[in-house]
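1. The sequence isn't on hand, but the structure is:
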């Protein structure tokens, strides 16, 4: 008898059409080549796709060996196959991305919760444990630079566990630096920084042989393949062009709403998140309820284009008393 895993996942992204979506933390500026990409995908859809050559070209562009995945989520589940089936202890900070816990439960791995602090989390590290750390963290957007991560990196090297750094939003952090080290896996995605989460493309830095050995054949379809082709051709120029626009808007929101983040999203205490979500929905705006992060008083919202951000700011400032 097959039994379901007793865990309900919650994610951002508006379920209803017609809402101005601040609940998903995406680049609001789409690439100029998006129409060409869709046309290319039509041609590619007639063939089985093998992306080893693209993987090699992307590795050269990034400057290190990478493994292409159908988004970070696929990498999380492959980690379950590679490591959690041995029932390693999984260490997860409080108030972070919930898929870490869901994957651990699926593979019956014991879970230990710790503070969102690298130094304190390092004290929980044991031999052969797996540590998940989201950087910048989801939902609060806090980014830890290599010097701040050093206690955790040292703990991983001393006790031979595995540190999984989820860097899904690192492209949005100004002057971001990523650490190097042993027993380290870094998870990254393009679909947030290019504003197209439905395409499902990401990559892993570290342990390439292991990830490729369990990767599902053809997990990336024609759209994902075409996307990779254009990203490589683009050479990240789209990110260089749009990130300064996002950072400028981010500063405006910080000043207007008295919030702070290193990423492209914020959390704000509204008293009761579920009530606030309905409040904004009536005004045509979707924000993220942070109850699933263990923060039922908070909502999360992203940085969008200037005129869209104005609507959000106005809703907060004029109607905050009615939330």
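-> All right, it came through fine. The structure presented is a predicted model; accordingly, all values stated were derived computationally and were not measured. Numbering: from 1, shown residues only.

2. what bits of the stretch 201-323 of the chain have low per-residue confidence?
-> 319-323 (pLDDT under 70).

3. all helices for it, in order.
-> With DSSP state H, counting those that start in this stretch as the criterion, the stretch 201-323 of the chain has helices at 208-214, 222-234, 237-257, 273-281, 306-319.

4. so of those, which one's packed in deepest?
-> helix 222-234 (a mean of 20; mean count of other CB atoms under 10 Å). C-beta coordinates here come from the backbone N, C-alpha and C atoms, glycine included.

5. Would you mind giving the orientation angle of that helix with respect to helix 237-257?
-> 100 degrees (axes from the mean of the first three to the mean of the last three CA atoms, to 10 degrees).

6. Show me what helix 222-234 packs onto, helices and strands only.
-> With contacts taken as 3 or more CB pairs under 8 Å, 6 or more residues apart in numbering; DSSP states H and E, helix 222-234 sits against helix 34-44, helix 52-62.

7. let's see 10 Å
-> helix 34-44, helix 52-62, strand 66-69, helix 237-257 (3 or more CB pairs under 10 Å, 6 or more residues apart in numbering; DSSP states H and E).

8. Could you name the helices and strands sitting against the longest one?
-> Using 3+ CB pairs under 10 Å, 6+ apart, the elements in contact with helix 237-257 are helix 222-234, strand 265-269, strand 298-302, helix 306-319.

9. do you know how far residue 37 is from residue 60?
-> Residue 37 is 21 Å from residue 60, where distance means CB to CB, to the nearest Å.

10. Mark out where each domain of the protein begins and ends.
-> 20-29+238-322, 34-234 (automatic domain parsing).

11. now the helices and strands packed on helix 222-234 in JSON lines, with distance to residue 176?
-> Output for these, formatted as JSON lines (distance: least, CB to CB, whole Å):
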{"stretch": "helix 34-44", "distance to residue 176": "25"}
{"stretch": "helix 52-62", "distance to residue 176": "14"}
{"stretch": "strand 66-69", "distance to residue 176": "17"}
{"stretch": "helix 237-257", "distance to residue 176": "10"}
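
12. one step back: want to throw the helices and strands packed on helix 237-257 into TSV with distance to residue 83?
-> Below are these laid out as TSV (distance: least, CB to CB, whole Å):
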stretch	distance to residue 83
helix 222-234	25
strand 265-269	29
strand 298-302	29
helix 306-319	40
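
13. out of the ones you listed, nearest to residue 43?
-> Among the helices and strands packed on helix 237-257, helix 222-234 comes nearest to residue 43, with 8.0 Å by CB to CB.

14. what's the distance between that closest one and the middle of its chain?
-> In terms of CA atoms, centre = their mean, to the nearest Å, the centre of helix 222-234 is found 20 Å from the chain centre.

15. Likewise for stretch 92-104?
-> Centre to centre, stretch against its chain (CA atoms, centre = their mean), the figure for stretch 92-104 is 12 Å.

16. Now do the buried residues in that stretch.
-> Applying a neighbour-count criterion of 16 or more other CB atoms under 10 Å, one finds 92-93, 95-104 buried in stretch 92-104.

17. One more: stretch 284-291?
-> For stretch 284-291, by 16+ other CB under 10 Å, it's 285-291.

18. just stretch 179-193 next, same as before
-> The neighbour-count check on stretch 179-193 (16+ other CB under 10 Å) flags 179, 181, 183-193 as buried.

19. quick check, nearest of the residues you listed to residue 82?
-> residue 185 (9.6 Å).

20. just to revisit the earlier point, any chance of the buried residues of stretch 92-104 in a markdown table, plus pLDDT and secondary structure?
-> Output for the buried residues of stretch 92-104, formatted as a markdown table (pLDDT from 0 to 100; DSSP: H, G, I helix; E, B strand; the rest coil):
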| residue | pLDDT | secondary structure |
| --- | --- | --- |
| 92 | 96 | strand |
| 93 | 96 | strand |
| 95 | 94 | coil |
| 96 | 95 | coil |
| 97 | 93 | coil |
| 98 | 92 | coil |
| 99 | 93 | helix |
| 100 | 95 | helix |
| 101 | 94 | helix |
| 102 | 93 | helix |
| 103 | 94 | helix |
| 104 | 94 | helix |
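
21. can you tell me which of the residues you listed lies nearest to residue 42?
-> residue 99 (31.8 Å).

22. and the nearest residue to that closest one once chain neighbours are set aside, what are its phi and psi?
-> Using CB to CB, 6 or more residues apart in numbering and skipping residues adjacent in sequence, the residue nearest residue 99 is residue 76, 5.7 Å away. Backbone torsions for residue 76, taken as degrees, to the nearest 10, come to phi -60, psi -40.

23. Tell me where the stretch 1-150 of the chain has helices.
-> 34-44, 52-62, 71-82, 99-106, 118-122, 146-159.

24. and the fourth one with helix 71-82, angle?
-> Meaning helix 99-106. Angle of helix 99-106 versus helix 71-82, following the same axes, to 10 degrees, is 30 degrees.

25. Summarise which helices and strands helix 99-106 is packed against.
-> Using 3+ CB pairs under 10 Å, 6+ apart, the elements in contact with helix 99-106 are helix 71-82, strand 90-93, strand 111-114, strand 130-134, strand 162-166.
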